[in-house]
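[1] this one's sequence-less:
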């Protein structure tokens with residue numbers, strides 16, 4: 001048996017059954033993936049000797065990277081996430097564990113979660129707090145630190161969840177908690193709700209995550225940290241803690257040292273989506289221990305922009321798709337903003353039938369998802385059988401939850417994501433008569449929808465009601481089902497059981513999107529507007545189909561909607577429906593190419609390797 005080795009490019013431990021090698025100066029060097037091997041071959045002197053040591057489990061001193069995120073989805077029953085940002089963070093941690101990256105993560109322990117969603121007969125959304133048994137999932141840690149918030153001393157404790165990798169390594173997720181005796185009621189409530197409350201509540205949570213997170217890592221003994229990765233601006237206040245290293249009265253903060261240790265990932269393609277706080281509020285919540293003039297220099301003159309604060313003190317800044325990197329550079333001129341396109345955790349999002357399929361034909365795929373590029377060689381009948389099994393599971397779940405019996409032979413189109421206006425869940429219903437005609441003349445259609453609207457997003461709630469209303473209107477011609485309380489478990493069934501994954505965001509408002517990547521892991525092609533990751537992943541008629549042009553929607557939004565809807569209907573009529581019903585072999589070829597060209601690349605193993613080589617090294 002081969003001994004384990006350390007990949008000199010990313011610092012990850014190479015598993016015995018997946019060693020790739022190259023020779024350099026009479027020396028054999030091992031790699032965790034072809035990506036790292038190719039990087040090494042291009043510039044061997046850059047990567048020798050290995051720059052990152054991979055520590056064993058529990059070895060805090062050898063953890064090199066701290067990853068901060070306001071939400072993290074590690075399992076469906078832990079309601080400490082709301083959507084894509086948290087799911088991405090959770091998938092990243094799983095890949096870090098699989099690849100043995102020496103990382104520790106920090107987030108908050110939300111006692112009442114995001115919310116449980118229920119819909120009335122008209123589609124009206126109702127929210128209820130999530131009830132969950134914290135101690136069933138996480139273990140308490142002993143240190144208690146103190147923060148000053150609104151001139152009150154707030155005690156903070158921590159809990160740990162171990163994100164387990166496939167080979168026994170784990171990544172500790174540290175969850176901060178203020179709901180404890182000795183704290184004022186307002187301070188105990190800081191961890192009750194994710195994205196709840198007003199600006200003051202939000203700022204206090206960000207103080208807890210950024211400043212409290214760094215302090216807690218110190219208290220826990222993570223003494224070897226070299227990089228601090230901010231997943232969005234929620235954690236940007238950590239740079240202030242690093243500037244003073246616990247002593248904010250320092251007169252000459254070492255900007256260069258902090259900048260060299262920080263990495264910032266932005267996920268937001270519109271200015272309004274970046275957190276910003278007035279200095280009056282900041283002085284109230286976070287008493288002045290650093291001159292206002294210094295904060296204005298780092299975060300903006302009129303308000304403290306958390307993204308600018310993070311940008312100004314990060315050596316590496318990235319968007320989450322190629323187009324998003326371009327949009328971010330336009331939004332923040334003068335900053336060197338790179339891009340690392342998002343991915344998903346392959347082993348998490350591949351359903352049982354396709355896992356068995358890949359295990360049979362592509363053994364080792366879950367450790368090295370790039371092997372999925374060989375999926376074009378899997379027999380068509382085997383791919384279709386795996387899909388039929390996944391679709392049957394979806395239809396059984398739909399019947400169980402809604403009482404609606406969908407047709408297993410009908411083309412089933414699924415749309416599931418956060419219910420908000422720019423996602424345009426109702427675009428496909430722009431012309432109900434046209435949709436009826438397509439179903440009648442070209443082939444049966446049925447739709448499954450899911451997604452929560454933020455409690456304060458009235459337009460998002462109206463969108464759900466419209467979809468439910470149209471579904472009733474089309475009863476008998478086209479089946480439309482809206483499943484409530486969208487979460488990770490439901491998402492796994494939806495992304496694997498669909499025939500087509502529909503995505504219709506307004507351009508350029510989709511930073512990346514990842515649901516289509518999850519679908520691709522199950523051989524489900526995307527039918528999407530050209531934004532986010534799909535600009536990089538689509539090959540027309542080969543991995544799926546595009547809706548509209550690649551140009552950002554300009555001018556009259558209603559006109560853009562009409563143009564996109566027309567293209568959607570035209571391709572349903574001329575491409576998707578005829579291919580599904582009349583050219584089944586070609587349809588399966590599209591499925592195989594979705595796996596081979598999309599799933600093999602758009603995964604968090606590749607993404608983590610890019611962060612390791614581009615952001616964490618150096």
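    Noted; the coordinates are in hand. Just so it is clear, the structure is predicted and the values come from calculations on it, not from any experiment.
[2] ok, residues contacting stretch 374-383?
    For stretch 374-383, contacts defined as CB atoms under 8 Å, 6 or more residues apart in numbering pick out 357-358, 360-362, 523, 585, 588-589, 591-593, 595-596, 599-600. Where C-beta positions appear, they are placed from N, C-alpha and C, glycine not excepted.
[3] how long is that stretch from one end to the other?
    The straight-line separation of the ends of stretch 374-383 (CA to CA, to the nearest Å) is 13 Å.
[4] likewise for stretch 24-42?
    OK, stretch 24-42 end separation, CA to CA: 12 Å.
[5] in helices only, show me the contacts of stretch 374-383.
    Here DSSP state H is the test, and the contacts of stretch 374-383 give 357, 358, 360, 361, 585, 588, 589, 591, 592, 593 as lying in helices.
[6] let me know the closest of those to residue 71.
    Nearest to residue 71 among these, counting by CB to CB, is residue 358 at 29.5 Å.
[7] and that closest one, what does it touch?
    350, 365, 366, 372, 375.
[8] what do you get if the cut-off is 7 Å, keeping everything else the same?
    Neighbour list for residue 358: 350, 365 [criterion: CB atoms under 7 Å, 6 or more residues apart in numbering].
[9] what residues of the host helix or strand of residue 219 count as buried?
    Residue 219 belongs to helix 213-220 when assigned by DSSP states H and E. Judged by neighbour count (16 or more other CB atoms under 10 Å), helix 213-220 contains these buried residues: 213, 214, 215, 216, 217, 218, 220.
[10] so who does the second one touch?
    Think residue 214. 238, 241, 242.
[11] filter the residues you listed down to the buried ones.
    The neighbour-count criterion (16+ other CB under 10 Å) marks 238, 241, 242 among these as buried.
[12] so what's the backbone phi/psi at the first one?
    The phi and psi torsions at residue 238 (degrees, to the nearest 10) take the values phi -60, psi -30.
[13] ignoring the adjacent residues along the chain, who's closest to it?
    Closest residue to residue 238 apart from its sequence neighbours, by CB to CB, 6 or more residues apart in numbering: residue 210 at 3.9 Å.
[14] direction included, what does the following helix or strand past the helix holding residue 219 pair against?
    Next in sequence after helix 213-220, counting helices and strands by DSSP H and E, comes strand 227-231. Next to strand 227-231 in the sheet, as set by DSSP bridges, lie strand 65-69 (parallel), strand 262-265 (parallel).
[15] contacts for the longest one?
    Residues outside strand 65-69 that contact it (CB under 7 Å, 6+ apart) are 89, 101-107, 209-210, 213, 217, 222, 225, 227-231, 235, 238, 616.
[16] before we move on, what about the shortest one?
    Around strand 262-265, the neighbours that count as contacts under CB under 7 Å, 6+ apart are 227-232, 239, 310-311, 313-318, 320, 615.
[17] what segments of the stretch 451-600 of the chain are helices?
    458-473, 488-497, 515-520, 534-537, 557-571, 577-582, 584-593 (DSSP state H, counting those that start in this stretch).
[18] dump those to CSV, plus distance to residue 267 and mean neighbour count.
    Shown next, in CSV, are the helices of the stretch 451-600 of the chain (distance: least, CB to CB, whole Å; neighbours: other CB atoms under 10 Å):
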stretch, distance to residue 267, mean neighbour count
helix 458-473, 18, 18
helix 488-497, 18, 22
helix 515-520, 15, 28
helix 534-537, 16, 22
helix 557-571, 23, 16
helix 577-582, 34, 17
helix 584-593, 28, 18
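[19] neighbours of the residue lying closest to residue 217 once chain neighbours are set aside, just the number please.
    Distances taken as CB to CB, 6+ apart place residue 66 nearest to residue 217, at 5.9 Å, with adjacent residues excluded. Residue 66 sits with 23 neighbouring residues when counted by other CB atoms under 10 Å.
[20] I'd like the distance between residue 21 and residue 606.
    From residue 21 across to residue 606, the span is 20 Å (CB to CB, to the nearest Å).
[21] again but with residue 135, I slipped
    From residue 135 to residue 606 the distance is 36 Å (CB to CB).
[22] just residue 613 next, same as before
    Relative to residue 606, residue 613 is positioned 11 Å away (CB to CB).
[23] between those two, who's got more neighbours?
    Comparing residue 613 with residue 606 by neighbour count (other CB under 10 Å), the higher total belongs to residue 613, at 23 against 20.
[24] could I get the pLDDT score of that one?
    Looking at residue 613, its pLDDT is 95.
[25] ditto for residue 459
    96.
[26] state the distance from it to residue 82.
    With CB to CB as the criterion, residue 459 and residue 82 are 17 Å apart.
[27] likewise for residue 95?
    Distance from residue 95 to residue 82, by CB to CB: 21 Å.
[28] what does the pLDDT read for the most centrally placed residue in the chain?
    The centroid of the chain falls nearest to residue 88 when counting by CA atoms, centre = their mean (2.2 Å). Looking at residue 88, its pLDDT stands at 98.
[29] that one contacts residue 514, correct?
    Yes. Proximity of residue 88 to residue 514 meets the contact threshold set by CB atoms under 7 Å, at 6.2 Å.
[30] mutual contacts of the two, please.
    residue 342.
[31] what's the local residue count around residue 502?
    Residue 502, neighbours per other CB under 10 Å, totals 25.
[32] err, residue 530, not the other one
    Per other CB under 10 Å, the neighbour tally for residue 530 reads 19.
[33] what separation is there between the residue lying closest to it once chain neighbours are set aside and residue 598?
    Spatial nearest neighbour of residue 530, excluding adjacent residues (CB to CB, 6+ apart): residue 550 at 4.2 Å. According to CB to CB, residue 550 and residue 598 sit 17 Å apart.
[34] which one of the two is surrounded by more residues?
    Each of residue 550 and residue 598 has its neighbours counted (other CB under 10 Å); residue 598 has more, 28 against 14.
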